[in-house]
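[1] okay, sequence plus prediction incoming.
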Amino acid sequence: MMHLINISLNNFKNYAFLTLDFHEKLNVFVGQNGAGKTNLLEAIYWLLTGKSMLGHGERYAIRYGCDGWEVEGDIRQTGRSSRLRCAFYPKQDRKAIFIDGSRMERLLDYYGRFPVVSFTPNDIDLIREAAEQRRRTMDAFFSQLSQEYALHLMQYHALLKRRNALLKERREGRALDQALLEVFNMRLEQEAYPLYELRSRFTGELRPLVARYYEQLSGGKEQIDIVYRSQLHEASLQQLWQESLSIDLKMGFTSNGIHRDDWSLLLNDVPMKWSGSQGQRKTFLVALKLAMSDLLFLRKQQNPLLLLDDIFDKLDAERVAALLQLVQQQHFGQVFITDTSQERMQRLLNESKLPAALFKVKQGEVLQL
């Protein structure tokens, strides 16, 4: 089982310097809002992926008045330990990632190597907001599942940026280079269709897992589903681009394509944004993240770390108990949970008899209880 042995933070958000040793299964951080609990999960996510759990840039993680930040930790994976380090200093204008002292040249070669799934209160935007947030989340997850997916996605967006620049030039009055546009169309197709096939396949594998976890958390009271929506279900990219060319030239960007895909989140066949209660929505999102963890385990044969921020808010006692029972299962690896109530967490841990490390977080300091 993969697990993070320890972590050290240096000038990361509200932490000047901090070193923690972790339990190999369950770690719980309790403290008031604003104490720095989420920052600890964010540091873990940066260390394992080279990216922000919250979608923030590197500069947002710098402690006020400091010139950069570093996060280091030892991780055990497939029987051996590695020392990881992620650092960012604005003067260098680039983050640096190291494994056992060797610098990674490409994030592509690092992302997904140490799988991790996170849940944060901001994930409610997957239900409430437009398609962009769902695409960003699914792309990040599928990129952990498959380096092939990550490579196609990176190349697609690089080509899309160049196609949009060409369209913008035409909008600004320059002559359209039709031959170059056709080259971009051809190369975009080469990246888009593999993405479409992988999205279809991975969503198909994810759907029954999400439904199963939702049933276990809710007691089978409702039916949920996640459905992949793509313009490519109905037409080819060439057809889509031909139909939208006049609009694209007028607007200066590509209005159709796989970058417009979406996923419908359904409760009893109705979009959840129009029907679900707060508890149902949160249960769905938790089920989705547990299913993502499962699929990573099935495909990579590694137990992903699970980061659950403020997970128990708006869940009733039955669903809280069901969640704690689920994460005890062997195929779930190391789990990190934050909560505002120390009393509640101590009671839950005592009742469930879960072996765990409990940490009190207060004003940039962390004490193991």
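    Everything's here; your move. Residues are numbered from 1 along each chain as shown.
[2] now the helix or strand where A211 lies: mean pLDDT?
    Assigned by DSSP states H and E, A211 falls within helix 178-218. The average pLDDT within helix 178-218 is 96.
[3] and the next helix or strand past that helix?
    From helix 178-218, the next helix or strand downstream (DSSP H and E) is strand 224-229.
[4] pretty sure A291 contacts E205?
    No. Assessed by C-beta atoms under 8 Å, A291 is found out of contact with E205, at 9.2 Å. The C-beta positions use only the backbone N, C-alpha and C, and glycine is treated the same way.
[5] these two: who's more crowded?
    A291 (23 against 15; other C-beta atoms under 10 Å).
[6] shouldn't that one be within a helix?
    Yes. Counting by DSSP: H, G, I helix; E, B strand; the rest coil, A291 is part of a helix.
[7] residues in contact with it?
    Listed by C-beta atoms under 8 Å, 6 or more residues apart in numbering, the contact set of A291 reads 206, 209-210, 212-213.
[8] give me the distance between it and R212.
    With distances taken as C-beta to C-beta, to the nearest Å, A291 is found 8 Å from R212.
[9] I'd like the next helix or strand past the helix or strand bottoming out on mean pLDDT in the chain.
    Using mean pLDDT, DSSP states H and E, helix 317-327 stands out as the lowest-scoring helix or strand of the chain, at a mean of 83. Following helix 317-327 in sequence order, the next helix or strand is strand 335-339 (DSSP H and E).
[10] what helices or strands is that following strand leaning on?
    strand 26-30, helix 37-49, strand 305-308 (3 or more C-beta pairs under 8 Å, 6 or more residues apart in numbering; DSSP states H and E).
[11] ok, which of the ones you listed comes nearest F119?
    With C-beta to C-beta as the measure, strand 305-308 is the member of the helices and strands packed on strand 335-339 nearest F119 (4.9 Å).
[12] what sits closest to L288 if chain neighbours are left out?
    Take L288 and drop its neighbours on the chain: the residue closest to it by C-beta to C-beta, 6 or more residues apart in numbering is V210, 5.3 Å away.
[13] who's in contact with the one you found?
    224-226, 284, 287-288, 291.
[14] any idea how far I97 is from it?
    According to C-beta to C-beta, V210 stands 31 Å off from I97.
[15] circling back to that earlier point, roughly how far does the residue nearest to L288 sit from L323?
    15 Å.
[16] about what we covered before: format the contacts of A291 as a markdown table; extra columns: distance to T78.
    As requested, those are arranged in a markdown table below (distance: C-beta to C-beta, whole Å):
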| residue | distance to T78 |
| --- | --- |
| L206 | 25 |
| L209 | 24 |
| V210 | 28 |
| R212 | 27 |
| Y213 | 26 |
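[17] wasn't E72 part of a strand?
    Yes. Secondary structure of E72, determined by three-state DSSP: located in a strand.
[18] ok, now which ones touch it?
    Neighbouring residues of E72 by C-beta under 8 Å, 6+ apart: 7-8, 10, 47, 83-86.
[19] which strand residues bridge it?
    For E72, the beta-bridge partners under DSSP bridges are S8, R85.
[20] you'd agree S146 is up against L198?
    Yes. Contact status for S146 versus L198: in contact at 6.3 Å, counting by C-beta under 8 Å.
[21] which residues are in contact with the least confident helix or strand of the chain?
    Outside helix 317-327, the residues within contact range by C-beta under 8 Å, 6+ apart are 26, 213, 216-219, 279, 283, 286, 290, 306, 311-312, 315, 332, 335, 348, 352, 354.
[22] again, only this time at 7 Å
    Residues from elsewhere that reach helix 317-327, judged by C-beta atoms under 7 Å, 6 or more residues apart in numbering: 216-219, 283, 286, 290, 306, 312, 335, 348, 352, 354.
[23] next one: stretch 275-284
    124, 127, 214, 217-218, 222, 224, 265, 267, 272, 314-316, 319.
[24] now the buried members of these.
    Buried members of these, scored by 16 or more other C-beta atoms under 10 Å, are 124, 127, 214, 217-218, 224, 265, 267, 272, 314-315, 319.
[25] for these, which one is nearest N33?
    Among the buried ones among the contacts of stretch 275-284, and counting by C-beta to C-beta, the member closest to N33 is K314, at 14.8 Å.
[26] how about the closest one, what does it touch?
    Listed by C-beta under 7 Å, 6+ apart, the contact set of K314 reads 278-279, 282.
[27] report the angle between the helix holding A211 and strand 224-229.
    With axes from the mean of the first three to the mean of the last three C-alpha atoms, to 10 degrees as the basis, helix 178-218 and strand 224-229 are set at 170 degrees to each other.
[28] between helix 178-218 and helix 317-327, how many degrees?
    Interaxial angle, helix 178-218 versus helix 317-327 (the same axes, to 10 degrees): 110 degrees.
[29] tell me the pLDDT of R344.
    Taking R344 on its own, its pLDDT is 88.
[30] kindly provide the distance from the closest residue to it other than its chain neighbours to Y214.
    Nearest residue to R344 in three dimensions, chain neighbours excluded: F312, at 7.2 Å (C-beta to C-beta, 6+ apart). F312 is 17 Å from Y214, where distance means C-beta to C-beta.
[31] nearest to R136, of the contacts of K314?
    For these, the nearest to R136 is K282 (19.6 Å; C-beta to C-beta).
[32] the closest one: neighbouring residues, count only.
    Quick note: K282 (other C-beta under 10 Å) scores 24 neighbours.
[33] next one: E215
    Neighbours of E215 (other C-beta under 10 Å): 15.
[34] no further questions, thank you.
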